[in-house]
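Asker: Structure of the sequence below:
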Amino acid sequence: MGNALKAFLHKTPTKIGIATAIMFQLIFSIVWMTGYDGVTDNTANLTIAVVNEDAGVGRQLAEQLGQQLPFQIVTESSLDAAKQKLEERSVQMVLHLPPALSAQLQTPGQKTELQYWINESNPALIKSMMSSVAAGVTATVNKKAIAAGAQAVLTQMNVPAAQAQSTAQALSERVTSSIQFTNPVSGMSNQMVPMMLVLASYVGSMIMGMNLQQSSNLIGAQAGKWSKFAARAVLNGIAAVVTALVGTSLVLLLGGQSVHGFMALWGFLTLCLLAFLFFSQLFLLLLGNAGMLLNIIALSAQLVSSGAMVPRELLNGFYRGLGDYLPATYAVEGNMNLLFGGPGAAGASWSLLLIVLVTAVLGLLVTALRKETASAHGTVAAAKLAHSE
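Answerer: Predicted structure coming up:
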C-alpha cells in the first residue's frame with residue numbers, strides 16, 4: 001500500500017483532487033457566511049400591502065402597523081391590485097381591513113375578521129414569516145378590541161351574572177383571521193425542487209464542461225479551434241434538450257407539481273441548462289481546467305443569491321446585485337412560476353436567453369484570441385494524459 005500511496009501522491013490529478021476538496025470548503029464557507037450574514041436584519045426589505053376600507057379603527061391600525069412591524073407597509077386602494085403585486089412577488093403579504101371593522105368592534109357581541117393572502121410560490125421562509133406576522137397582527141388587534149369591550153362593560157353598574165358571563169365569552173375573541181394561500185405548494189419535496197434543479201443543472205454543466213475541455217486537449221490539432229468550439233456548442237444543445245427531458249420526467253413522475261404542464265417545464269429547463277453550460281464553459285475556455293475554480297465560486301454564489309433557499313430581499317446589497325447577473329436567479333424565478341404558479345416564465349426566459357448569447361459571444365472572442373496548438377504539442381499532451389490515466 002505504501003508504494004501505491006506514493007504513486008498516487010506523485011500524480012497531478014491526485015494533487016488537483018485534494019486541492020479541489022479544500023477549495024470547496026474554503027469557497028463555500030466564505031460565500032455562505034458572508035452571503036447569509038445579516039439576513040435577519042434585512043426584514044425591512046420585505047413588503048406588506050394593506051388594503052383598508054375602514055375610516056376608523058382600520059385607518060389607525062394601518063398607521064400603527066407601519067410603526068410597529070419591521071417591514072415596509074404600503075397602502076393599496078384596490079384588493080385586486082394588491083393581489084396582482086402579490087402574484088408578481090413585489091409584496092410578500094396582503095392584509096385586508098373590511099369596511100365594517102369599526103362598527104363590528106364597537107358593537108358588543110360582534111366579531112370581525114381580518115383577511116390575509118400569502119403567495120406560496122416563494123422560498124418557504126416567506127410563508128413561515130408572513131404566517132407569524134398575520135398571527136401577531138390578529139392577536140394585537142384582538143387584545144385592543146377586548147380591552148375596549150371590557151372598558152365598556154366596566155362602565156355599567158349592577159350587571160346580572162348571566163349577562164356578565166355572556167359578555168365575558170364575547171370578549172374572549174373579538175377578532176379572527178382568515179389566511180388564504182395562493183399558488184399552494186404540495187409538501188416540502190415540491191418546495192425544494194427549484195433549488196434541486198439549479199444545483200443538479202449547474203453541477204452537471206460544470207462537470208460536463210470539464211470533460212469536454214479534457215476531450216478538446218486530447219483532440220489537440222486534429223481539429224481546428226473553431227471546429228472544436230462549434231462541436232462543443234452542438235453538444236451543449238443536445239445535452240440540454242436530453243438532460244432537461246430526463247429531469248422534467250423524473251420530477252413529475254416522482255410526484256412533482258407543474259401548473260403549466262410538462263412541455264413548458266421541459267422547454268424552460270432546456271433553456272436553463274443552455275445558460276449554465278455556456279456560462280460554465282466560458283471559464284474553461286478562458287483558463288482551461290483551472291477555470292473549475294471559478295465555477296466552484298459561481299456555484300456557491302448562485303445558491304446563495306438566486307433566492308432558492310432565502311428570499312433575495314433578505315440578502316445584503318452585494319449578493320442581491322450579483323444575483324442579477326447570474327443565470328440561477330432567473331432559473332429559480334421561472335421554475336417557481338411554472339411549478340407552483342405565478343406571472344409566467346417569459347421574463348426569466350428572455351434573461352436566460354440573453355445570458356446564453358452573451359456567454360456564447362464571449363466564448364467566441366476567447367477562442368479567437370487563443371492561438372492554435374501545434375500538432376506535436378497535441379500529441380505530447382495526449383500521451384501525457386493517457387499515461388496519467
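Asker: use CA for all of it now, contacts and neighbours both
Answerer: Fine.
Asker: Low-confidence regions, the stretch 151-300 of the chain specifically.
Answerer: Low-confidence segments of the stretch 151-300 of the chain (pLDDT under 70): 151-173.
Asker: Spell out the residue ranges of the helices in it.
Answerer: Per DSSP state H, counting those that start in this stretch, the stretch 151-300 of the chain carries helices over the ranges 161-171, 187-191, 193-219, 225-253, 262-287, 291-305.
Asker: same for the third one, what does it pack against?
Answerer: Of the remaining helices and strands, those touching helix 193-219 by 3 or more CA pairs under 8 Å, 6 or more residues apart in numbering; DSSP states H and E are helix 225-253, helix 262-287, helix 291-305, helix 327-339, helix 375-388.
Asker: Please identify the deepest-packed of those helices.
Answerer: helix 327-339 (a mean of 26; mean count of other CA atoms under 10 Å).
Asker: thinking in terms of the whole chain, how far from its middle is it?
Answerer: 7 Å (CA atoms, centre = their mean, to the nearest Å).
Asker: what angle separates it from helix 225-253?
Answerer: Following axes from the mean of the first three to the mean of the last three CA atoms, to 10 degrees, one obtains 40 degrees for the angle between helix 327-339 and helix 225-253.
Asker: what sits up against helix 327-339?
Answerer: For helix 327-339, the surrounding residues in contact (CA atoms under 8 Å, 6 or more residues apart in numbering) are 121-122, 194-195, 198, 257-261, 264-265, 268-269, 272, 275-276, 302-303, 305-308, 323, 342-346, 348-349, 351-352, 355.
Asker: low-scoring stretches of the stretch 1-150 of the chain, by residue?
Answerer: Low-confidence segments of the stretch 1-150 of the chain (pLDDT under 70): 108-109, 145-150.
Asker: how about the helices in it?
Answerer: 2-10, 12-35, 57-68, 79-87, 101-106, 124-154.
Asker: and of the helices and strands packed on helix 193-219, who's closest to Asn142?
Answerer: helix 327-339 (35.4 Å; CA to CA).
Asker: list the contacts for the residue nearest to Leu322 when sequence neighbours are not counted?
Answerer: Distances taken as CA to CA, 6 or more residues apart in numbering put Ser305 closest to Leu322, at 7.1 Å, once the chain neighbours are dropped. Listed by CA under 8 Å, 6+ apart, the contact partners of Ser305 are 35, 312, 315, 319-320, 322-323, 329.
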